[in-house]
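Chemist: Here is a sequence with its predicted model. Questions after.
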Amino acid sequence: MRYGCHGGVCVTIAICEWLLGLSVLLFIGRRLLLRVQLSGAKHRSLAGHARLGRLLARFVPYYEYDEAQFFRADDAPEHIGEQRRAAFMRLAALYAQRFANTVRQTNEVQGEISDLQFTARYRVPFQFSRLVRQQLNTGSFVLSSSGPTTTDLDGNRRYDLTGSYGVNVLGYDFYKECIERGSARVRDLGPVLGAYHPVTATNVHRLRAISGLDEISFHMSGTEAVMQAVRLARYHTRRRYLVRFCGAYHGWWGEVQPGVGNPVSERDTLTLKDMDERTLRVLRSRRDIACVLVNPVQALHPNAGAAADSTLADSGPRPSYDRGAYTKWLQRLRQVCSDRGIVLIFDEVFLGFRLARGGAQEYFGIRADMVTYGKTVAGGLPIGVVCGRADLMKRFREDRPADICFARGTFNSHPYVMGAMAEFLERLDTPEILARYRELDAVWDGRAARLNERLREAAVQVRVANLSSVWTVCYLQPSRYHWMFQFYLRAENLALSWVGTGRLIFSLDYTDEDFSAVADRFVAAARQMQQDGWWWPNEALTSKAIRRRVLLEMLRARLHRPWDQSAGPRAGETALDSRA
């Protein structure tokens, strides 16, 4: 019995308490449901669980193989180890003779350029790194470019497979002309900032036509463009979260690079599975998602980043590209975003203008709410561009004058950048450039198929996969030494980026004759690597066994205990640093 409670008042209080309890239960139940849905939409890899990945990275200890282990990390017999050692030293002698001046110049400044220190250390798995850095250095300086080739300080002319991180879509000669002619167009103004050179208006009109969107803003880099697109989406939706897909790269700022590489824990980013129904379920059920970021290059390797040779402990993930399946995924994603008021952002900083003149929107037939461009669109100079719907691009509210979304960059419309951009955009519509876009997939798919056929005939354990002119190397059998392939390719005068064979980027000016020369060198490198014993077959050497072994090594190194290895003596008996 409740004292002081009379008649209907008691009933009312009881009902209120019951409703309050029910509301709490419903709130908790919904939160639990959303949490379960979110967990189901995350990829099972460490890339899909950013906090766990960053935590585990702190506990990976440094250790290195001694010389015996270096050449027999896969339990190869002694004669195979000696065969590899001899091949490695022959390759080292070739590098020392061929790249002497380029390496000398690199060594003079490497201690003063932090980027060079990083890329040198992370070309191969860290257990092998020291000896590789000592013996297989090609240097980082290049003197000139011509057609699809570059020339270093030693006069080595190499076919370029780096793509200059994606800048080089149409060929180096094309961009040199854009920069030269664009500079002439704006020379009278010079580096005047704040005001716009008249070519800027032309650029805006052309970008609107290409993107199919209403307004444009210019920035200083692709990373900055993505930052602004996300900021505007949050500002206009008044929502908190951005969704990115597992493995996708959107620049190096914290919100879009969760996990390893970012020292700060992200708070407002959801990393979900690409091409997965559970991801769409999360987007449908939540009311706090501002935007979804899509990097279309993920069509080549959904839910995984482009492989780098530094992480090739085994064969790595096998990339696959299905244009039809990825198009259907984007169509469904577009519909869910439209239904739920979520801003769909295409990040075409890397892939823009490579798949089609109108980029991934044209290629996949999907219209985004916002698109970011960079790299190539400024004719070879640094740039970031955001194109978007008018209602999303506005940085202020008509009825709330103090409520603004501030963004500004000192160099965001530099006259020389605008001049080179004008040349690029105007030349996109010339018959010569339009001809390069015709049958683009057929050309590059055909080249990949022909190279794979030659690799099959050569009976080597390597193939290629491609998304148009963006390629990656696939390894058919587990091995500890796939990362060595990059050095055989460089020995054949093929220029690779520092990540190695995980991403090969061809410019669209490659002729059939140019590509045939690359294919000849590619096959020759694969044959030589196989003959030198690096792809020694071992049925017991599965990818699972390799990962288990490396994990055990890490645990023992963490505990400062030597590990038994059937191939050669234990760590420390022939230390690499004693031979430096």
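Modeler: Yep, it's here.

Chemist: State the distance from the one residue sitting closest to the centre of the chain to Thr311.
Modeler: In the chain, the C-alpha nearest the mean C-alpha coordinate belongs to Tyr249, at 4.8 Å (CA atoms, centre = their mean). For Tyr249, the distance to Thr311 (CB to CB, to the nearest Å) stands at 14 Å. The way it works is simple: take the backbone N, C-alpha and C, and place the C-beta from them, glycine included.

Chemist: Give me the buried positions along stretch 260-277.
Modeler: Neighbour-count burial for stretch 260-277, counted by 16 or more other CB atoms under 10 Å, picks out Asn262, Glu266, Thr269, Leu270, Thr271, Leu272, Lys273, Asp274, Met275, Asp276.

Chemist: Just to check, the fourth one is in contact with Arg240?
Modeler: No: under the criterion of CB atoms under 8 Å, Leu270 makes no contact with Arg240, lying 10.0 Å away.

Chemist: would you list every one of the helices in the stretch 401-550 of the chain?
Modeler: Counting by DSSP state H, counting those that start in this stretch, the stretch 401-550 of the chain has helices at residues 415-427, 431-437, 440-457, 485-491, 512-531, 543-558.

Chemist: Nearest to Gln135, out of those?
Modeler: helix 485-491 (9.5 Å; CB to CB).

Chemist: CA atoms only: put the closest one into CSV for me.
Modeler: The C-alpha atoms that make up helix 485-491 are tabulated as CSV, following Å, rounded to 0.1, in the frame of the first residue of the first chain:
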residue,chain,number,x,y,z
PHE,A,485,60.0,-9.8,-57.2
GLN,A,486,60.1,-6.0,-57.1
PHE,A,487,63.9,-6.1,-57.2
TYR,A,488,63.9,-8.4,-60.3
LEU,A,489,61.5,-6.1,-62.0
ARG,A,490,63.7,-3.1,-61.2
ALA,A,491,66.7,-5.0,-62.6
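
Chemist: what packs against it?
Modeler: helix 78-98, helix 512-531 (3 or more CB pairs under 8 Å, 6 or more residues apart in numbering; DSSP states H and E).

Chemist: Out of the ones you listed, flag the one nearest Pro198.
Modeler: helix 512-531 (38.1 Å).

Chemist: and the closest one with helix 440-457, angle?
Modeler: Taking axes from the mean of the first three to the mean of the last three CA atoms, to 10 degrees, one finds helix 512-531 and helix 440-457 inclined to each other by 30 degrees.

Chemist: Restricting the selection to alpha carbons, write helix 512-531 to PDB.
Modeler: Provided in PDB are the C-alpha atoms of helix 512-531 (Å, rounded to 0.1, in the frame of the first residue of the first chain):
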ATOM      1  CA  ASP A 512      51.200  -1.700 -77.900                       C
ATOM      2  CA  GLU A 513      54.900  -1.600 -78.600                       C
ATOM      3  CA  ASP A 514      55.600   0.000 -75.200                       C
ATOM      4  CA  PHE A 515      53.500  -2.500 -73.400                       C
ATOM      5  CA  SER A 516      55.100  -5.400 -75.300                       C
ATOM      6  CA  ALA A 517      58.500  -4.200 -74.000                       C
ATOM      7  CA  VAL A 518      57.100  -4.100 -70.400                       C
ATOM      8  CA  ALA A 519      55.600  -7.600 -70.800                       C
ATOM      9  CA  ASP A 520      59.000  -9.000 -72.100                       C
ATOM     10  CA  ARG A 521      60.700  -7.600 -69.100                       C
ATOM     11  CA  PHE A 522      58.000  -8.700 -66.700                       C
ATOM     12  CA  VAL A 523      58.200 -12.300 -67.900                       C
ATOM     13  CA  ALA A 524      62.000 -12.300 -67.900                       C
ATOM     14  CA  ALA A 525      62.000 -11.100 -64.300                       C
ATOM     15  CA  ALA A 526      59.600 -13.800 -63.200                       C
ATOM     16  CA  ARG A 527      61.600 -16.500 -64.900                       C
ATOM     17  CA  GLN A 528      64.800 -15.400 -63.300                       C
ATOM     18  CA  MET A 529      63.300 -15.200 -59.900                       C
ATOM     19  CA  GLN A 530      62.000 -18.700 -60.200                       C
ATOM     20  CA  GLN A 531      65.300 -20.000 -61.500                       C
END
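
Chemist: so Ser144, which of the three states?
Modeler: Secondary structure, DSSP: H, G, I helix; E, B strand; the rest coil: Ser144 is strand.

Chemist: how about the nearest residue to it, chain neighbours excluded?
Modeler: Thr151 (4.8 Å; CB to CB, 6 or more residues apart in numbering).

Chemist: could you point out where the stretch 201-350 of the chain is predicted with low confidence?
Modeler: Scanning the stretch 201-350 of the chain for pLDDT under 70 picks out 316.

Chemist: Now for Tyr249: which residues touch it?
Modeler: If you count contacts by CB atoms under 8 Å, 6 or more residues apart in numbering, Tyr249 has them with Gln257, Asn295, Gly305, Ala306, Phe350.

Chemist: Touching, Tyr481 and Asp74? I think so.
Modeler: Yes: using CB under 8 Å, Tyr481 is in contact with Asp74, at 7.3 Å.

Chemist: Contact partners for Ala233?
Modeler: Leu242, Ala290, Cys291, Val343, Ile345, Asp369, Met370, Leu392.

Chemist: what do you get if the cut-off is 7 Å, keeping everything else the same?
Modeler: Ala290, Cys291, Val343, Ile345, Leu392 (CB atoms under 7 Å, 6 or more residues apart in numbering).

Chemist: Let me know the closest of these to Phe88.
Modeler: Ile345 (46.1 Å).

Chemist: Right, I'll leave it there.
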